[in-house]
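J.: Below: sequence and its predicted model.
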Amino acid sequence: MTEPNSSDSTAPLNEKQQEELAVSLESESPQIPLQRSDLHTRFMVGRVRERVTQWTAQGPAAAGIPRAHGPLEKINVIPGILAVPTHDEDGEKIRFAKKALFRALRSLPVTDDANPWPSPESAAAVITQFVPILPPPAVRWTDVASDRVMSLLAFQGLASHRLEPLEADKGGAAYAVDLSWMHAFPVRPGLEPYGACAYFGADRTLLRVYTAHDDSTHHPGDASWEDAKWRWRCALFAAVTVADHLAATHFLASNVLVTVTREQLPENHPLRRLLKAFGYGAVDVNLDAGLMLAPEGGLAHRLFSFTYGGLSRCLLRGFETTKFQTFPQAIAAKRVDALGDAFPYATDGLALYEIFRTYAQEYFDIFYPGESVVRDSAVRAWWQGIVACAPTLALGPLNKAQQVLDLLTHLMFTVTGFHGQVGHVVPYLLDPQFITTKIRAGSRMSDIQATVQVLNLTALTALEQPPLIGDYSHLFLEQDKERVTAAFRRYQQALIKLSRDIDERNRHREQPFQTFNPTVLDTSVST
Ligand SMILES: [Fe+2]
């Protein structure tokens with residue numbers, strides 16, 4: 001199997017540099033009780049705080065008018081499978097020298113410190129220190145270890161996109177969120193493997209949990225019940241972060257969108273201008289992910305329990321098993337009609353998708369009436385480029401305008417709404433008894449190191465970026481600008497109306513669901 005292996009050749013830190021690093025950290029963050037020897041996590045605490053506090057929030061004007069097109073210089077993240085461009089047309093968010101230092105840190109030993117929090121209160125005191133550098137949580141989760149919250153995770157939380165219907169389940173379950181496949185991915189010594197499946201009734205009640213490490217099924221009231229639920233929640237976070245967020249959303253959808261669009265569509269092509277806002281900053285953030293998250297010794301390797309081989313397989317799973325499916329098709333496959341707004345992932349997500357679809361259709365009607373888009377040579381090259389870049393999407397030959405419309409709408413939805421579903425994780429990280437990244441036998445609370453590592457990464461990747469609701473009309477061509485701007489205004493008004501509709505629906509929901517609220521979404525995966 002080919003494993004992620006960045007072609008970046010940054011030199012490792014030598015012994016003297018490591019000693020100097022240790023000395024420089026002596027005065028930093030003494031209030032966070034990390035092991036003295038954990039230079040990587042301690043270093044990141046200071047640098048992440050520095051980066052976030054020095055960050056200037058970006059607005060729509062940061063998305064510049066495209067100036068060029070053609071082949072882009074790239075680095076390999078997964079040789080033969082995934083390459084990311086090296087230069088963002090809107091500039092780098094952090095200086096190259098600092099990136100080189102971050103990359104050199106990959107050579108520090110990958111360590112797992114088992115030190116537990118002395119109490120939930122002591123964890124809360126440290127988590128509170130991170131709150132000012134994290135985005136405000138859109139939803140507050142309470143009673144986090146309860147069966148009720150497991151159900152909320154599946155029907156209006158981090159697991160909703162993975163909810164699947166069941167046929168004639170012997171235990172009476174109607175739905176499941178199956179993460180048992182994660183058991184195949186090796187973990188480091190002292191840490192427990194991931195892998196669990198949660199089963200729910202037609203009324204959303206949690207009925208049972210299967211855990212793969214002991215090949216056992218657990219029911220409410222069993223002595224093992226709380227442990228089984230904990231294992232499922234932790235598997236969920238790892239699967240969503242590595243396979244769904246990093247691989248399927250950043251490295252697949254966003255990277256394909258921005259790379260092929262810049263390579264195949266001329267700077268004054270109508271489609272290039274339409275997609276510009278949805279690719280803003282994506283090269284920069286995907287390059288960071290390719291150099292600092294995905295490689296051996298990178299942030300994801302340290303944060304999760306996986307061996308590097310295990311992490312690689314989880315990444316590849318997200319990258320290679322994602323087929324092209326529109327959001328309405330994905331919802332239809334879940335067979336959730338009877339749930340109505342008890343599955344708000346569908347209610348709000350379908351409404352957001354429809355707004356993108358209408359906007360794209362109106363834009364097409366201006367520049368490509370009827371089937372004319374299929375005959376546009378640049379659009380055909382763009383389609384072929386995506387087929388070549390992501391063959392597992394199985395797009396097939398381009399024959400109808402509807403195919404372009406579906407793919408465009410899918411990409412716009414994926415880098416905004418779906419990215420919010422898999423990437424806006426702060427609400428899940430504020431209580432060490434809710435979710436952690438490393439499972440340890442006999443414990444149902446995040447350890448100190450894992451807590452700090454995940455908060456570091458979340459703060460690092462959550463800098464305020466251009467919002468979905470904003471004026472991007474400077475990106476449009478002069479040709480038919482009045483009609484295009486009018487379509488854009490209708491699109492923006494529809495987003496604002498959806499936001500109000502979601503606010504109203506949230507008043508009647510068991511817990512607010514803000515994932516697809518346009519007011520909390522960015523215009524791209526720039527974080
Ligand atoms: Fe992201």
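T.: Noted; the coordinates are in hand.

J.: so what's the backbone phi/psi at residue 305?
T.: phi -80, psi -10 (degrees, to the nearest 10).

J.: Can you name the residues that contact it?
T.: 112, 187, 188, 191, 192, 193, 194, 238, 437, 438, 439 (C-beta atoms under 8 Å, 6 or more residues apart in numbering). To be clear about C-beta, it is placed using only N, CA and C from the backbone, and glycine gets the same treatment.

J.: and the chain, which of its residues are near the ion?
T.: Counting by C-beta under 5 Å from the ion, the chain comes close to the ion at 423, 525.

J.: Can you name the residue of the chain nearest the ion?
T.: residue 423 (3.9 Å; C-beta to the ion).

J.: residue contacts, the closest residue to that residue other than its chain neighbours?
T.: Spatial nearest neighbour of residue 423, excluding adjacent residues (C-beta to C-beta, 6 or more residues apart in numbering): residue 245 at 5.1 Å. Taking C-beta under 8 Å, 6+ apart, we find residue 245 in contact with 419, 422, 423.

J.: do you know how far the second one is from residue 300?
T.: What it means is residue 422. 14 Å (C-beta to C-beta, to the nearest Å).

J.: Then the first one?
T.: Using C-beta to C-beta, one obtains 17 Å as the distance from residue 419 to residue 300.

J.: Could you do the last one as well?
T.: The spacing between residue 423 and residue 300, counted by C-beta to C-beta, is 14 Å.

J.: who's more crowded, these two?
T.: Legend: neighbour count by other C-beta atoms under 10 Å for residue 423 and residue 300, higher for residue 300 (24 against 21).

J.: Quick one: low-confidence residue ranges for this protein.
T.: 1-9, 29-30, 93-99, 527 (pLDDT under 70).

J.: Packing partners of the longest helix along it?
T.: In the chain, with assignment by DSSP state H, the single longest helix is helix 481-506. When contacts are defined as 3 or more C-beta pairs under 8 Å, 6 or more residues apart in numbering; DSSP states H and E, helix 481-506 sits against helix 344-367.

J.: need the next SSE after the helix it packs on, C-terminal direction.
T.: Moving toward the C-terminus from helix 344-367, the next helix or strand (DSSP states H and E) is helix 377-389.

J.: which residues sit against that following helix?
T.: Under C-beta under 8 Å, 6+ apart, the answer for helix 377-389 is 255-256, 259-261, 263-266, 269, 271, 368, 373-374, 393, 395, 398, 403-404, 407.

J.: Show the buried residues in these.
T.: 255-256, 259-261, 263-265, 269, 271, 368, 373-374, 393, 395, 398, 403-404, 407 (16 or more other C-beta atoms under 10 Å).

J.: Just the buried positions in stretch 44-61, please.
T.: Those would be 44, 45, 47, 48, 49, 51, 52, 58, 60, for stretch 44-61 by 16+ other C-beta under 10 Å.

J.: cool, and stretch 416-432?
T.: Quick answer for stretch 416-432 (16+ other C-beta under 10 Å): 416-432.

J.: Could you pull out the helices in the stretch 151-300 of the chain for me?
T.: Along the stretch 151-300 of the chain, counting by DSSP state H, counting those that start in this stretch, helices occupy 225-238, 255-264, 270-276, 282-288, 299-303.

J.: Make JSON lines from those helices and add distance to residue 73 to it.
T.: Below are the helices of the stretch 151-300 of the chain laid out as JSON lines (distance: least, C-beta to C-beta, whole Å):
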{"stretch": "helix 225-238", "distance to residue 73": "32"}
{"stretch": "helix 255-264", "distance to residue 73": "11"}
{"stretch": "helix 270-276", "distance to residue 73": "19"}
{"stretch": "helix 282-288", "distance to residue 73": "11"}
{"stretch": "helix 299-303", "distance to residue 73": "24"}
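
J.: Measure how buried the nearest residue to residue 236 once chain neighbours are set aside is and give me the count.
T.: Nearest non-adjacent residue to residue 236, counting by C-beta to C-beta, 6+ apart: residue 159, 5.4 Å away. Number of residues near residue 159 (other C-beta under 10 Å) recorded here: 25.

J.: for residue 70, same thing?
T.: With other C-beta under 10 Å as criterion, residue 70 counts 9.

J.: thinking again about what came up before, so what's the gap between the longest helix of the chain and the chain middle?
T.: Here helix 481-506 is found 24 Å from its chain centre; the criterion is C-alpha atoms, centre = their mean, to the nearest Å.

J.: Please apply the same query to stretch 440-459.
T.: Taking mean C-alpha positions (C-alpha atoms, centre = their mean), stretch 440-459 and its chain are 18 Å apart.

J.: again, but for stretch 303-313
T.: In terms of C-alpha atoms, centre = their mean, the centre of stretch 303-313 is found 17 Å from the chain centre.

J.: quick one: buried residues of it?
T.: Residues 303, 304, 305, 306, 307, 308, 310, 311, 312, 313 are the ones in stretch 303-313 that count as buried (16+ other C-beta under 10 Å).

J.: Just the CA atoms of it, as PDB, please.
T.: This file holds the C-alpha atoms of stretch 303-313, laid out as PDB (Å, rounded to 0.1, in the frame of the first residue of the first chain):
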ATOM      1  CA  LEU A 303      -3.000  13.700  18.000                       C
ATOM      2  CA  PHE A 304      -4.600  10.300  17.300                       C
ATOM      3  CA  SER A 305      -3.600   6.900  18.500                       C
ATOM      4  CA  PHE A 306      -2.700   5.500  15.000                       C
ATOM      5  CA  THR A 307       0.700   4.300  14.000                       C
ATOM      6  CA  TYR A 308       1.700   6.100  10.900                       C
ATOM      7  CA  GLY A 309       0.500   3.200   8.800                       C
ATOM      8  CA  GLY A 310      -2.900   3.300  10.600                       C
ATOM      9  CA  LEU A 311      -3.200   7.000  10.000                       C
ATOM     10  CA  SER A 312      -2.300   6.500   6.400                       C
ATOM     11  CA  ARG A 313      -5.000   3.900   5.900                       C
END
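
J.: and which of the buried residues of stretch 303-313 is nearest residue 295?
T.: residue 308 (8.5 Å; C-beta to C-beta).

J.: Report the contact partners of residue 413.
T.: 327, 352, 353, 356.

J.: Burial check on the first one, number of neighbours?
T.: Read that as residue 327. Taking other C-beta under 10 Å as the criterion, the count of residues near residue 327 is 23.

J.: how many neighbours does the residue nearest to it when sequence neighbours are not counted have?
T.: Nearest residue to residue 327, sequence neighbours excluded (C-beta to C-beta, 6+ apart): residue 353, at 4.4 Å. Number of residues near residue 353 (other C-beta under 10 Å) recorded here: 22.

J.: doesn't residue 418 make contact with residue 353?
T.: No. If you go by C-beta atoms under 8 Å, residue 353 and residue 418 don't touch, sitting 9.7 Å apart.

J.: Which residues are in contact with each of the two?
T.: Joint contacts of residue 353 and residue 418 (C-beta under 8 Å, 6+ apart) are residue 327.

J.: show me what contacts residue 432?
T.: Residue 432 neighbours (C-beta under 8 Å, 6+ apart): 117, 120, 123, 127, 445, 446, 451.

J.: Pipe the residues you listed into TSV and attach neighbour count, distance to residue 331 and secondary structure per row.
T.: Formatted as TSV, the contacts of residue 432 follow (neighbours: other C-beta atoms under 10 Å; distance: C-beta to C-beta, whole Å; DSSP: H, G, I helix; E, B strand; the rest coil):
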residue	neighbour count	distance to residue 331	secondary structure
117	21	39	coil
120	13	37	helix
123	21	37	helix
127	20	34	helix
445	19	35	coil
446	27	33	coil
451	22	35	helix
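
J.: Farthest pair within those residues?
T.: Using C-beta to C-beta, the contacts of residue 432 reach their maximum pairwise distance at 127 and 445, which is 12.3 Å.

J.: what's the distance between the residue lying closest to residue 464 once chain neighbours are set aside and residue 469?
T.: Nearest residue to residue 464, sequence neighbours excluded (C-beta to C-beta, 6+ apart): residue 57, at 4.0 Å. In this view, residue 57 and residue 469 are 14 Å apart by C-beta to C-beta.
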